[in-house]
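S.K.: What shape does this take:
(chains A, B and C)
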Amino acid sequence: MDANLLSSYIFAVVVLNVLLGLMAYMTYLERKLMAAMQDRVGPNRTGPVGLLQPIADGIKLLVKEDIIPKHADRRIFLLAPLLSFVLAPVAAAVIPFGDSITVFGHEVNLYVADINVAALYFLAIGSMGVYGIILGGYASANRYSLLGGLRSAAQVISYEIILGLSLVGVFILSGSLSLVEIVNQQSETLHLGPLQLPNWFILSQPLAFVIFLIAAVAETNRAPFDLPEAETELIGGFHTEYSGFRFSFFFLAEYISMIVISLFGATIFLGGTDGPIRDGVWWLALKAFIFLFFYIWLRTTVPRFRYDQLMGLAWKVLLPLVLINILLTGFIRLWGLGML
Amino acid sequence: MSLEISQGTPVEISEERALTDSRRQMVLNMGPQHPSTHGVLRVILTMEGETIVGCDPVLGYLHRGVEKLGETHRYSQFVPWTDRTDYVAAPSNNLGYILAVERLCGIEAPERATYWRMIMGELARLASHLVWLGTHALDIGALSMSLYCFRERELILDIFETFCGARLTTNMMEMGGFSRPIPDNLPGMVRDFCNIFPEKQVEYESLLSANPIWLSRTRGVGVIEPDAAISMSLTGACLRGSGINYDVRKATPYLYYDRMDFEVPLGTRGDVYDRYLVRMEEMRQSISIIEQCLDQMPTDGPLSLTESPYVIPPHDSVMKTAEDMQRHFIWVIKGFSPPKGEVYQAIEHSKGELGYYVVSDGTPIPYRVRLRTPDFVNLQSLPYMAQGAALADVVALIGTIDIVLGSVDR
Amino acid sequence: MAEEQQTGGPADSPGRRIWATGHWGPTEPEEHPAVIAVRERFPDSFVDAVNFRDEMTIRVDRPALREIVLFLRDESSLRYNFLSDLTAVDMLRLRDNPRFDVVVQLYSIPRRQRLRVKAAFNDGDPVPSMTLLYEGANWLEREAYDMFGIVFEGHPDLRRMLLPDDWDEGHPLRKDYPLRGYREYVQPGFENPAPRVRSRFRRP
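M.R.: The predicted structure follows:
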């Protein structure tokens, strides 16, 4: 077998496991951070400062009774959480975690695949993830779930467009869809007089970054865009009827999506592994953590949108803004190339 | 003057049309187990997509027959039952019933006891409004508000606990005053709370009042026209949010509210946001009333009518004098018999006008106890407000009416 | 027990009748504007006016109840435009005939005055519904129907309010309804007391 391919396989397994572990402690982190923001303690009984809580939760979810409603569409009901769960980490395959390193004399690339349309691949996988939610909502034979599924479909279609278009400015500037290439471009240093700035796309595309941030929250169905779940209106929406480990699949998928989209955003806009001293994966982790912290902060602070307001925000506010951004970027790019 | 009774003219609907309508519509059963119906309210929603076209609240999942129980208990035995109707503002319920029975008997508590009753009633209003704010914001999705509000509510419950030993169902008020002494540290606790609370309230408002999402979720949602509000007999913030100035404390003062200097906040548009503002301002006024009570209150003086046959004799004299012991025995075993008659006593509960209509037939057991609970009547506005709203708005509307199902179903 | 008990009044007003709040208008029925107006306007339907603890109660005949309340609502000098409460009292133990009283608590927001209107009627007599005058009477009348079995004539939607729709044991706030209902209440799951055995949970 090709050694490169083998190392890619091994690295994919490593990434998957790291993601699952991160996801478990992401829930812990979220609960602790939310507790701190809400003036309470958070999990503190299982292990030191509650550190074993994610494991306890996992065990609880796995041994719970698996309930399938009588009138549910059984096959789809069983398929939907799997779909969500499988597709969520697949998107991480194109994230570059750094330059290649040498392990036992083999050169190992710190990414699973360097596709030349990596960004498109990411968006495509992201939109497929919503099938799990729609099918789960449909198959549950529950009207709340159905409403949750429908909301999710409309929401993801709308915000998928915004998310994709917000990246176009970056693509215009970098001239590439490959994430490795985009990161490499960002590792250069800009010299603005006495100032030395990293060439991160957040500096040249601030508006696109803000829109990406909003769309990413909506894409992962997090508060204040958590309409498909909306536990106070739809009682959990698409996963109302799911229990035990099937529910945990949805749960895992949501958190993995969060982590992956944070990594993606850090890669595109914040220079990925690039940092002021000693480039490496830790910088990527730090930047992704900033995204995740923002997610959690948002969840504790703001109320939830209404469905029509959500759509209005996407189509009436964000879409014009993002189109203007593309137009401006295009003109500036052409001007810079001397074509105007 | 002749009555014009308008009969709805029947509209011919073709079978085909009716079929497509019914196919387009979906019936969604919200509750009785739903996190946002504040208990066991069940609402049958008919929806087209996410738009409500029909709304039918179904009550009675917490019906315990409180009025029937009132007809089988002696006057003083019914007081704990009033706690169980609106359990987030139990002292207010006690107060309304006790005032009604005192009026029936023709007695009035001493001044100091009356001031303490007012303080406890206003604290109960604050506790109830805090629960309302927390759950209402939680329904709309502001997760943290509920925890902040319940944090401050704990302080009020601590005051209740110091005062009477119970936190939620307090059974606090007694006929003719308080038979137990007021703890020495209580005025200090109330003062501390009055000092702490205003800045906490600023904190809540900084999270919500100018929040664009909160505004978009509440502005223009659930508008009640002033005429409709009067016609639907709404009271409390639901009525005042529409700009109608009717606060029982001002309109027909009871206790010493005529001595107090406070404002009745009024809304202008009658939407959810106005009702939110009205309740927030009411909390400020409550704090002001509590402070005025503490200032005006006589530091010394009787807490209870010791001579009246309607009142339980104080504990220490029961232990010392034979007459009081006999009276105590009779009061406990036989109860007291108010004169024949009927009274309707309305008080301003945190949710609106709480009325107790008590009919006496001259026996120690009331002939009829009627609870006019504010949220039961206010809940009638839900179908009116929900017409044409979105599903997410229904949750906000239930929150804005501020219902407690124990009080709605009784 | 003296009815005119005067004890315990506030210190600043010795000897005043402590229930005299003035919220119900003049205490003498002959002076009360609502009583005068109703007696003038509906001489046949006016029964009497009673004052107890300064609370003014007008008793009227049942068929004219709605007209009288409408008059009280719309007359420019009275304007009882707010329905505080509507309920009924079963007078079974207090008098022989008629059996029920329907009690309408009115309030005038502009004049800040309360008034109680009562009408007596027998079991089965239709009572004019107030829903045409006050929308708020809707649920109050449904509750009165639920609890007493009073039929309100002209009510758009007279269903059970608090009890289940299929409740077939009558109307519980009637005085002849036993406190625990007509039937022995069996706790669900204990219909046939049997020795406890361990049972395995079975999927339905």
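
S.K.: Nearest to chain C: which residue in chain A?
M.R.: A:Lys70 (8.4 Å; CB to the nearest CB). From N, CA and C alone the C-beta is placed, and that goes for glycine too.

S.K.: list the contacts for that residue?
M.R.: With contact set as CB atoms under 8 Å, 6 or more residues apart in numbering or on different chains, A:Lys70 has no partners.

S.K.: Pop out the phi and psi values for it.
M.R.: Main-chain dihedrals, A:Lys70, degrees, to the nearest 10: phi -60, psi -40.

S.K.: okay, it: pLDDT?
M.R.: A:Lys70 carries a pLDDT value of 83.

S.K.: Kindly report the same for the one 4 residues further on.
M.R.: For A:Arg74, the model assigns a pLDDT of 85.

S.K.: Equivalent analysis for A:Trp282, please.
M.R.: pLDDT for A:Trp282: 81.

S.K.: Now it. Nearest residue, chain neighbours left out?
M.R.: Spatial nearest neighbour of A:Trp282, excluding adjacent residues (CB to CB, 6 or more residues apart in numbering or on different chains): A:Gly275 at 7.8 Å.

S.K.: and what of A:Ala118?
M.R.: Leaving aside its sequence neighbours, A:Ala118 sits nearest to A:Val94 (CB to CB, 6+ apart; 3.8 Å).

S.K.: Outside of the helix or strand harbouring A:Leu87 itself, list whatever touches it.
M.R.: If you go by DSSP states H and E, A:Leu87 is part of helix A:74-90. Around helix A:74-90, the neighbours that count as contacts under CB under 8 Å, 6+ apart are A:15-16, A:19-20, A:68-69, A:125, A:128-129, A:131-133, A:135-136, A:138-140, A:241-242, A:246-247, A:249-250, A:252-254, A:256-257, A:260.

S.K.: Now list the buried members of these.
M.R.: Buried members of these, counted by 16 or more other CB atoms under 10 Å in any protein chain shown: A:15-16, A:19, A:69, A:125, A:128-129, A:131-133, A:135-136, A:138-140, A:241-242, A:246-247, A:249-250, A:252-254, A:256-257, A:260.

S.K.: what about residue 48, neighbour count?
M.R.: No chain was given, so I picked chain A. Other residues lying near A:Pro48 total 7 when counted by other CB atoms under 10 Å in any protein chain shown.

S.K.: Let me rephrase: I mean chain C.
M.R.: C:Asp48: 12 surrounding residues under other CB under 10 Å.

S.K.: Report whether it is found in a strand, as I expect.
M.R.: Yes. Secondary structure of C:Asp48 (DSSP: H, G, I helix; E, B strand; the rest coil): part of a strand.

S.K.: tell me the pLDDT at C:Pro98?
M.R.: C:Pro98 is assigned 87 on the pLDDT scale.

S.K.: shouldn't it be in contact with C:Phe121?
M.R.: Yes. Between C:Pro98 and C:Phe121 there is a contact at 5.3 Å, judged by CB atoms under 8 Å.

S.K.: More neighbours: which of these two?
M.R.: More neighbours surround C:Phe121 than the other of C:Pro98 and C:Phe121, with 19 against 14 (other CB under 10 Å).

S.K.: check contacts around the more buried one.
M.R.: Going by CB under 8 Å, 6+ apart, C:Phe121 touches C:Arg62, C:Pro98, C:Arg99, C:Phe100, C:Val102, C:Val127, C:Ile150.

S.K.: And the first one, how close does it get to chain A?
M.R.: Relative to chain A, C:Arg62 is positioned 46 Å away (CB to the nearest CB, to the nearest Å).

S.K.: For B:Glu122, see how far away that residue is.
M.R.: Going from C:Arg62 to B:Glu122 by CB to CB, to the nearest Å gives 42 Å.

S.K.: So the two - more neighbours on which side?
M.R.: B:Glu122 (28 against 20).

S.K.: Flag the shaky bits of the stretch 1-150 of chain A, pLDDT-wise.
M.R.: A:1, A:3, A:100, A:103, A:105-109 (pLDDT under 70).

S.K.: which non-adjacent residue is nearest the residue of chain A found nearest chain B?
M.R.: Closest to chain B within chain A is A:Arg304: 2.8 Å, counting by CB to the nearest CB. Distances taken as CB to CB, 6+ apart place B:Gly141 nearest to A:Arg304, at 2.8 Å, with adjacent residues excluded.

S.K.: How many neighbouring residues does the one you found have?
M.R.: Look at B:Gly141: counted by other CB under 10 Å, it has 27 neighbours.

S.K.: Backbone dihedrals for it, please?
M.R.: The phi and psi torsions at B:Gly141 (degrees, to the nearest 10) take the values phi 120, psi 0.

S.K.: dump the residue contacts of the spatially closest residue to B:Leu62 that is not a sequence neighbour.
M.R.: Once flanking residues are discounted, B:Leu62 sits nearest to B:Asp409: 4.0 Å by CB to CB, 6+ apart. When the contact criterion is CB under 8 Å, 6+ apart, the partners of B:Asp409 are B:Val40, B:Leu59, B:Gly60, B:Tyr61, B:Leu62, B:His63, B:Arg64, B:Phe376, C:Leu162.

S.K.: Which residues of chain B lie near chain A?
M.R.: Contact residues (CB under 8 Å from any CB of the partner chain) of chain B with chain A: B:26, B:28-29, B:34-36, B:50, B:137-144, B:147-148, B:151, B:207-208, B:211, B:213-214, B:216-217, B:390-393, B:395.

S.K.: Narrow those to those that are buried.
M.R.: The neighbour count (16+ other CB under 10 Å) marks B:26, B:28, B:34, B:36, B:50, B:137-144, B:147-148, B:207-208, B:211, B:213-214, B:216-217, B:390-393, B:395 as buried among these.
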